[in-house]
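**Student:** Sequence and computational prediction follow.
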Amino acid sequence: MVGGIVDGQNPPPQPNGLNPAPLCDAYLPEFRTAHLGQAELDTVLSPTSSTSPKEILKNARLFSCNINASLAGRDMSNAILQVAAKKVNFSGATAIKTQFIDSTLDGAIFNGAHLSGAKFRGVTSLRGATFQGSFLDKAVFEDYVDMSGADLSGADLESADLDPAPDKTPDINHFAHAKNIETLRSPFSQAALLQMRKDLGGISSPVVERKLTFAIQRSIQERQAGICWTGYEYNYSTRVRIAMRLGACGQFLVRAVVLDATCAFGLSYWRPIIIIAYIWLSWSLIYALIISGRGATLLRIVVRNTDGKERTTSIRCLASIGRKRNLSPAEAHIWRLRIAAYFSLVNVFNITFHDIDIGGWIKMISKHNYRFISRGWIRSLSGIQSLLGLSLLAIWLINCVAEALW
C-alpha cells in the first residue's frame with residue numbers, strides 16, 4: 001500500500017475523505033501519522049522499519065477499526081481512535097491526550113496505563129473495563145460514556161472530569177479505593193457524582209463520601225465562577241441574564257469564603273479550630289501593641305475586690321495585680337503579652353448561646369476576678385474577632401454532627 005493504493009488499485013473515496021486501508025501483518029513507517037478508515041488491526045505488527053514498535057500508534061488516526069491484538073506497553077499518545085477493542089489488553093500503555101470517540105472498549109484492561117489528559121467521548125462503552133493502578137489525571141469521561149461495572153480501584157483520578165451517564169457509573173465498591181477522589185471535577189453536570197455519592201451510602205464509606213461531596217461542591221463552585229467571570233454557561237454556548245450572573249457571583253463568594261476556605265465543604269472539619277487558633281494568636285499580637293501604645297486608654301479593666309466593690313483602672317496596671325509594681329522592661333513586656341493573649345482568648349469566645357458561655361468559663365480559670373471594657377475602634381476590632389470565633393465554632397460543630405451522622 002503506497003499513497004492509499006492497495007494492490008495497485010485506487011479505492012473509491014470515502015465520505016469522510018479517508019481511503020480504506022486494510023492493515024494486517026504489515027508495518028508501515030507512515031502508520032504513525034496515518035489516517036485510516038475501515039481498517040482491521042488483527043495482530044501486533046512486526047518491526048520491519050526504523051520506527052519503534054512501541055510507538056506504532058503514536059499520533060495515529062484510526063476510524064471504524066476492529067482491534068483484537070494486545071496493545072500492552074504501546075505508545076498511543078495524541079491518537080484519535082474510533083475502535084472496537086473488546087477485552088483488549090492496554091496494560092502499561094501510554095495514551096497521553098488520546099481521544100477514544102464512539103469506541104467499544106467493553107472489558108478492556110487499562111491496568112497501569114498512563115491516560116493523562118485522555119478523552120473518552122461520544123457513545124464510548126467501557127462496561128466492565130478495568131483501570132487498576134492507572135493514571136487518569138485530567139482525563140475526561142463525557143456524559144454519554146457507559147462505565148457500568150468499570151473497576152477504578154487504585155486509579156489516580158487527580159483533576160479528572162468524571163461525567164458518565166448517571167445510570168452507567170463505575171463499580172462503587174472499587175471506586176471507593178481510587179486515589180484523589182476529592183479532586184474530581186464535573187462543572188457542567190454533577191448528576192453522575194451525585195448518584196455515586198448516593199450509592200456510597202450503601203457501603204458505609206464516610207471518608208470517601210466526604211471526598212466526593214467536596215468534589216461535587218467544588219464542581220458547582222467552578223461552574224458559578226465561570227458564569228460570574230464570563231457571563232456565559234460553562235460550555236460558553238449560552239449567555240446568561242445579568243440577574244443570574246450576579247446571583248452566581250454571590251453564591252460563588254459564599255461558597256468560596258464561608259464553606260470552602262473554612263472547612264473544605266466538610267472535608268477538613270478540624271480546619272475551623274485551626275483558624276480560630278490563628279485568629280487568637282494574631283489578635284494577641286495586635287492587642288499587645290495596643291497595650292504598649294496610645295491605644296491602652298481605650299482598653300480598661302474592672303477589678304472586683306475582696307469586699308465585693310469594683311474599681312476601673314488602666315489596662316497597664318493589670319500587670320501589677322498580685323505582684324510588685326516595680327517591673328523591669330522585660331517583665332513588663334511579658335506581662336503585657338500575657339494580658340493580650342488572655343484578653344484575645346476570652347474575646348474570641350465572647351458571644352454566648354443560651355447557657356453556653358465559653359468566654360465565661362475561660363474567665364473562671366484566672367485567679368483574679370476582673371473583666372475587660374473596650375471602647376472606640378478597639379471595641380469594633382474585638383467585636384469582629386468574637387463574630388469570627390462564633391462563626392467558625394458553629395461551622396466546626398456542624399461538621400462534627402455531620403461526621404457523627406455519617
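**Tutor:** Alright, I've got the coordinates.
**Student:** From here on, just use CA atoms for contacts and neighbour counts.
**Tutor:** Will do.
**Student:** how far away is Leu381 from Gly226?
**Tutor:** Per CA to CA, to the nearest Å, Leu381 is found 35 Å from Gly226.
**Student:** who has more neighbours, the two?
**Tutor:** Taking other CA atoms under 10 Å, Leu381 and Gly226 do not tie; Gly226 has more neighbours (21 against 15).
**Student:** For Pro187, see how far away the more buried one is.
**Tutor:** 9 Å.
**Student:** try Asp75
**Tutor:** 30 Å.
**Student:** So for those two, which sits in the more crowded spot?
**Tutor:** Neighbour comparison, Asp75 and Pro187: the larger count goes to Asp75, with 25 against 22 (by other CA under 10 Å).
**Student:** which residues of the stretch 251-400 of the chain score low on pLDDT?
**Tutor:** 294-297, 303-308, 310-311, 313-327, 352-357, 359-370 (pLDDT under 70).
**Student:** can you map out the helices along it?
**Tutor:** Ranges of helices in the stretch 251-400 of the chain, per DSSP state H, counting those that start in this stretch, are 261-263, 271-292, 329-348, 358-363, 376-405.
**Student:** Output those in a markdown table; the columns should cover distance to Asp156.
**Tutor:** Shown next, in a markdown table, are the helices of the stretch 251-400 of the chain (distance: least, CA to CA, whole Å):
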| stretch | distance to Asp156 |
| --- | --- |
| helix 261-263 | 24 |
| helix 271-292 | 25 |
| helix 329-348 | 41 |
| helix 358-363 | 44 |
| helix 376-405 | 26 |
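**Student:** who wins for proximity to Ala60 among these?
**Tutor:** helix 261-263 (44.5 Å; CA to CA).
**Student:** contacting residues around the residue minimising distance to the centre of the chain?
**Tutor:** Residue closest to the mean C-alpha point of the chain, counted by CA atoms, centre = their mean, is Thr183 at 3.5 Å. Thr183 makes contact with Leu157, Glu158, Ser159, Ala160, Ala215 under the criterion CA atoms under 8 Å, 6 or more residues apart in numbering.
**Student:** Who wins on neighbours among these?
**Tutor:** That'd be Ala215 among these, by other CA under 10 Å, with 26 neighbours.
**Student:** Just confirm it is within a strand.
**Tutor:** No. Applying DSSP: H, G, I helix; E, B strand; the rest coil, one finds Ala215 to be helix, outside a strand.
**Student:** In space, what's closest to it - neighbours in sequence excluded?
**Tutor:** Leaving aside its chain neighbours, Ala215 sits nearest to Glu182 (5.0 Å; criterion: CA to CA, 6 or more residues apart in numbering).
**Student:** Same check on Gly201?
**Tutor:** Glu209 (7.6 Å).
**Student:** Just the pLDDT for that neighbour.
**Tutor:** pLDDT for Glu209: 87.
**Student:** Quick check: the residue nearest to the centre of the chain vs Ser70, distance?
**Tutor:** 32 Å.
**Student:** Could you do Gly231 as well?
**Tutor:** 47 Å.
**Student:** between those two, who's got more neighbours?
**Tutor:** Gly231 (20 against 17).
**Student:** so what's the more buried one up against?
**Tutor:** Arg239, Val240, Arg241, Ile242, Arg245.
**Student:** Surely Phe188 touches Arg223?
**Tutor:** Yes. Between Phe188 and Arg223 there is a contact at 6.9 Å, judged by CA atoms under 8 Å.
**Student:** CA atoms only for the strand or helix carrying Leu81, dumped as PDB, please.
**Tutor:** Assigned by DSSP states H and E, Leu81 belongs to strand 80-84. Taking Å, rounded to 0.1, in the frame of the first residue of the first chain, the C-alpha atoms of strand 80-84 are listed here in PDB:
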ATOM      1  CA  ILE A  80      -7.700   9.700  17.800                       C
ATOM      2  CA  LEU A  81      -9.300   6.300  17.900                       C
ATOM      3  CA  GLN A  82     -12.800   5.100  16.900                       C
ATOM      4  CA  VAL A  83     -12.300   1.400  17.500                       C
ATOM      5  CA  ALA A  84     -13.900  -1.700  18.700                       C
END
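**Student:** Report the buried residues of that strand.
**Tutor:** In terms of neighbour count (16 or more other CA atoms under 10 Å), strand 80-84 has its buried residues at Ile80, Leu81, Gln82, Val83, Ala84.
**Student:** Okay then, goodbye and thanks.
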